[in-house]
Structure formats: C-alpha cells, structure tokens
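Trainee: My questions concern the predicted model and sequence given below.
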Protein chains: 2
Amino acid sequence: MKELINFILQFGKLNEQQIQLIISKATPVKFAKEGYLTEAGKVPRQVGFLLSGVVRFVYYNNKGQEITHYFVGEGQFVTDYARFETQIVASEYIQAITPCEFLMFEKEDWDEIGNTIVGWAEIESKMAKKCLHESIERRSRLITEDAASRYRSFLTGFEKIASRVPLAYVASYLGITQQSLSRIRKNIR
Amino acid sequence: MKELINFILQFGKLNEQQIQLIISKATPVKFAKEGYLTEAGKVPRQVGFLLSGVVRFVYYNNKGQEITHYFVGEGQFVTDYARFETQIVASEYIQAITPCEFLMFEKEDWDEIGNTIVGWAEIESKMAKKCLHESIERRSRLITEDAASRYRSFLTGFEKIASRVPLAYVASYLGITQQSLSRIRKNIR
DNA sequence: GAATCCACTGAACATATGGTAAATAATAAT
DNA sequence: ATTATTATTTACCATATGTTCAGTGGATTC
C-alpha cells in the first residue's frame, strides 16, 4: 500500500482520512501472464496500481498490425484512462507480460474517491499531463533518433523491465521489425 | 467569445455566471507572424485561445535539431500546459506561423478561474486526456505508416491549416527531411 | 527592376530498415 | 529426455528515406 500512496503523493497532498479512503477501496488482484486487464471492445471497469510485474498497452491499427505502444512496470497506475473515465468501449488491450499483482479499484469506488477527496481532479489532471509530456518525448525520439539510439533510450528508460519484455514487443514499440532489432542488438555489444 | 465558450463546453458544463467569469478574464491579443507565445528558458505566464491563425510547437532536441511537434489552428487552447501549470521554465517554443489573434489569460486569472469554478479541474483533466490520446495516435502513425501515408493523414487531420504551414515545418512534424516531403508530394498527385 | 533572400524542387548516391525465408536457440509440454 | 512450440538470430535482396548539392521560382527589399 505504501507504494500506492507515495505514488499519489507525488501529484498532490492527502490527509490521513483521505489515505484511508483510498486504501479501503483497493483490492489486491493477481493476473496470470498474458492475462488481459482491459480488452478492446469492452468498457474498462477498473484501474489498477501495479505492485509487481510488467504490462503492455496494445492495439491493432487499421492495417491489422499489432502495436505495443507502451510498457508499464511496478509502481504505476494502469488503465485505459480516457475510456475508463468516459466508460466508452476500449480500443486497446492491456496485457500482462509477466504475472502481475495489482491493487485494483472499481469504477464506482474510483468515482467515490474522486467525489470525496477535494483536489482529486487536480491530481488526476497532473498525472494525465505527465503522461502527455512523456508521450510527446517518445514521439520526438521516434522522429529524431535512429532505431539503435531509440533502443538505447528504451534500455535506460525502461531499465527495470527491459529484460522481462519479449523482443518482438520491444521492436513494435520502437517502430521496427523484430529482425531489425535483433540486428541492432548484435551491433551494439 | 462564442468559440471559446463552446470549446470549453465540450468538456464540462458551465452556468451563466461561470461563463461571465471566464469572459471577464479574456484579453484579445494579436501576434505577428513568427512571434513567440512561449519561449524555451522562460516561464509561461499565459494561456491563449486561438481565434485566428496557425501556431506551431517547436523545440530543439539534444542534437540541436529543430523539431516541430504540433500545429494548432483556430479554436483551440494554446500553451505549454505542463510548464504553465507548474510555472517551470519552458523547454519549447510556441510560435505564430501566421498572424494570430488570441483570447489571452494571465496565469493569475487562470488560477482564479480554476479556484472559482467547481469542476474546472475536471474540465482541464479531460482536455489533457484528449491531448494525450491524440498524441498516442500520432505516435502510432509514425510507427505504422510510411511517410507518404503520414503526409496524407496530416492533410486530413490538419485540413484547415495544411496550406498555411511551410513545407519544412510539415516535414519536421512528419519526421522526414524537406526533400523527402517534396518528393512525396510530387508522387502523390 | 535588379538584387537578395527564402521556400521549394530535383537528382545522384549512400544507408538504414523492411520483407521474406530459413536456421538456431530457448521454453514449454508430454 | 524427447518432442513440440515459441523466441531470437541470420542472410539476402528490395526499397524508402537521408545526405549532399544544385537549381528554380516567388517574395521582399532597396
């Protein structure tokens, strides 16, 4: 629980009562490897705070290609934010790459937290803006760096999880083929 | 003013009093072509709602290359959100590509709006999440589409402003050189 | 209206990455 | 252990895009 609270405290203050409210709504849930936290076509009903394991965000683009667009490791919230909030059918999958442990929040409880804790919307807004900023940075790398240097950025940016992610997913994330990434890895060492 | 209010109403409800508060804080401001709304190294003090003109978001990456990472046309808010909010020194420039007319909000007034209007943080949060979602989509195109098809996406996605943006900026946005874009344009027609 | 500047186009060659197909290596299943 | 399955590496050639350099056309300035 400590990880969860500390994570949130990065974005705003909470008093003891508010912390207790959050904790009271969190349910420990485990996912097996390759389990789906969110599936395209379904409405996301939960947000999870990832305690252990690695997760990827996946979708199929209009050419039917599977794109892994992000990885999340321990110590982050995981959900299809936009669709969770609006309760619209998701367009992406969130899949456990390794076995995962979450602290899970149901939509109703999450809403209660939002309605009860003054300043919660601001906390969420800050989280979203941080994600936005990171997303812009990632796009930037895609434009200005070649695949080898993007792979190096991946290795440092996802240091703790890099070794736990299959190469094919990493290649998709980097925007190259598996074969290219394999070639790059050979030349880097 | 109508454009401004309608834009905000997409993200949440406002009563008449709240609308009046927002209007009372908006100041019309004009920018000449190539003027800077925000400069890297300075703390952004304003948010502008763009009434006419086109603006680009620019930064210099660690290789010193100038990257145009986004365009905004009429009917959108324009600022370095994250830096404006946190009042941290900006890392990017926001530059008028054409002469621009804004409804400008000073930081203090924007804060007052935020503190006065119940539900404002939620509105901002939704705006940020929408931006985040678009940002992810753009990254996706970069990964899965070749330059020609990205250019076509640009033409439709920025239909109203495409013709007003110099080719070099578009090329930078698409992640290719000016020469490549020129070549692509030749082959598309 | 000449001179200057800037945006854009074009061509020739270099290179990174893709596509295809196959060979190994690692992991899981029996 | 053996087999079956999946993940990764390799090799070959095709191609999109980069790089460099030059040229053209349209603005802008004097």
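Mentor: Arrived safely, thanks for sending. It should be emphasised that the depicted structure is a prediction, and the values quoted were computed from it without experimental measurement. Numbers count the residues shown, from 1 in each chain, chains lettered A, B, ... in the order given.
Trainee: hmm, the helix or strand hosting residue A:136 in reach of chain B?
Mentor: Using DSSP states H and E, residue A:136 sits in helix A:120-144. Yes. Helix A:120-144 reaches chain B (C-beta under 8 Å from any C-beta of the partner chain) through A:121-122, A:124-126, A:128-133, A:135-136, A:138-140, A:142-144. Every residue, glycine included, has its C-beta placed from N, CA and C.
Trainee: same deal with stretch A:169-188?
Mentor: Yes. Residues of stretch A:169-188 contacting chain B under C-beta under 8 Å from any C-beta: A:172, A:175.
Trainee: Could you export that stretch as PDB, CA atoms only?
Mentor: Only the C-alpha atoms of stretch A:169-188 are listed here, as PDB (Å, rounded to 0.1, in the frame of the first residue of the first chain):
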ATOM      1  CA  TYR A 169       7.100  -6.300 -28.300                       C
ATOM      2  CA  VAL A 170      10.100  -4.000 -27.900                       C
ATOM      3  CA  ALA A 171      10.500  -3.900 -31.700                       C
ATOM      4  CA  SER A 172       6.900  -3.000 -32.100                       C
ATOM      5  CA  TYR A 173       7.300  -0.300 -29.500                       C
ATOM      6  CA  LEU A 174      10.400   1.100 -31.300                       C
ATOM      7  CA  GLY A 175       8.600   1.000 -34.600                       C
ATOM      8  CA  ILE A 176      10.900  -1.500 -36.300                       C
ATOM      9  CA  THR A 177      10.700  -5.200 -37.100                       C
ATOM     10  CA  GLN A 178      11.900  -7.900 -34.800                       C
ATOM     11  CA  GLN A 179      14.700  -8.700 -37.300                       C
ATOM     12  CA  SER A 180      15.900  -5.200 -37.300                       C
ATOM     13  CA  LEU A 181      16.000  -5.100 -33.600                       C
ATOM     14  CA  SER A 182      17.900  -8.300 -33.400                       C
ATOM     15  CA  ARG A 183      20.400  -6.900 -35.900                       C
ATOM     16  CA  ILE A 184      20.800  -3.800 -33.800                       C
ATOM     17  CA  ARG A 185      21.400  -5.700 -30.600                       C
ATOM     18  CA  LYS A 186      24.100  -7.700 -32.300                       C
ATOM     19  CA  ASN A 187      25.900  -4.500 -33.300                       C
ATOM     20  CA  ILE A 188      25.500  -2.700 -30.000                       C
END
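Trainee: How about that stretch, which residues are buried there?
Mentor: A:169-176, A:181, A:184 (16 or more other C-beta atoms under 10 Å in any protein chain shown).
Trainee: Could you restrict those residues to the ones contacting DNA strand D?
Mentor: Residues of the buried residues of stretch A:169-188 in contact with DNA strand D (C-beta under 7 Å from any atom of the strand): residue A:181.
Trainee: before we move on, back to that, from the contact counts, what lies against the helix holding residue A:136?
Mentor: In terms of contacts (3 or more C-beta pairs under 8 Å, 6 or more residues apart in numbering or on different chains; DSSP states H and E), helix A:120-144 is packed against helix A:107-116, helix A:147-157, strand B:66-72, helix B:81-86, helix B:120-144.
Trainee: Could you give me the buried positions within that helix?
Mentor: Within helix A:120-144, the residues that qualify as buried are A:120-129, A:131-133, A:135-144, counting by 16+ other C-beta under 10 Å.
Trainee: Check stretch A:92-103 too.
Mentor: Per 16+ other C-beta under 10 Å, stretch A:92-103 contains these buried residues: A:92-98, A:100-103.
Trainee: Save these as JSON lines, and put in distance to residue A:115 and pLDDT too.
Mentor: Compiled in JSON lines, the buried residues of stretch A:92-103 are given as follows (distance: C-beta to C-beta, whole Å; pLDDT from 0 to 100):
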{"residue": "A:92", "distance to residue A:115": "27", "pLDDT": "89"}
{"residue": "A:93", "distance to residue A:115": "29", "pLDDT": "92"}
{"residue": "A:94", "distance to residue A:115": "25", "pLDDT": "94"}
{"residue": "A:95", "distance to residue A:115": "31", "pLDDT": "94"}
{"residue": "A:96", "distance to residue A:115": "30", "pLDDT": "95"}
{"residue": "A:97", "distance to residue A:115": "34", "pLDDT": "94"}
{"residue": "A:98", "distance to residue A:115": "34", "pLDDT": "93"}
{"residue": "A:100", "distance to residue A:115": "28", "pLDDT": "94"}
{"residue": "A:101", "distance to residue A:115": "28", "pLDDT": "94"}
{"residue": "A:102", "distance to residue A:115": "23", "pLDDT": "96"}
{"residue": "A:103", "distance to residue A:115": "20", "pLDDT": "97"}
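Trainee: Looking at those residues, which one is closest to DNA strand C?
Mentor: residue A:98 (10.3 Å; C-beta to the nearest atom of the strand).
Trainee: Check whether the closest one sits in a helix, strand or coil.
Mentor: Residue A:98 falls in the coil class when you classify it by DSSP: H, G, I helix; E, B strand; the rest coil.
Trainee: Show the backbone phi and psi for it.
Mentor: For residue A:98, the backbone dihedrals (degrees, to the nearest 10) come out as phi -120, psi 170.
Trainee: residue contacts, it?
Mentor: Contacts for residue A:98 (C-beta atoms under 8 Å, 6 or more residues apart in numbering or on different chains) come out as A:33, A:53-54, A:164.
Trainee: what's the answer for residue A:38, then?
Mentor: If a contact means C-beta under 8 Å, 6+ apart, then residue A:38 has A:44, A:79-80, A:83, A:90, A:92-94 as its contacts.
Trainee: So which bits of chain A are right by chain B?
Mentor: Counting by C-beta under 8 Å from any C-beta, chain A sits next to chain B at A:59, A:61, A:63, A:65, A:67, A:69, A:81-82, A:85, A:119, A:121-122, A:124-126, A:128-133, A:135-136, A:138-140, A:142-144, A:172, A:175.
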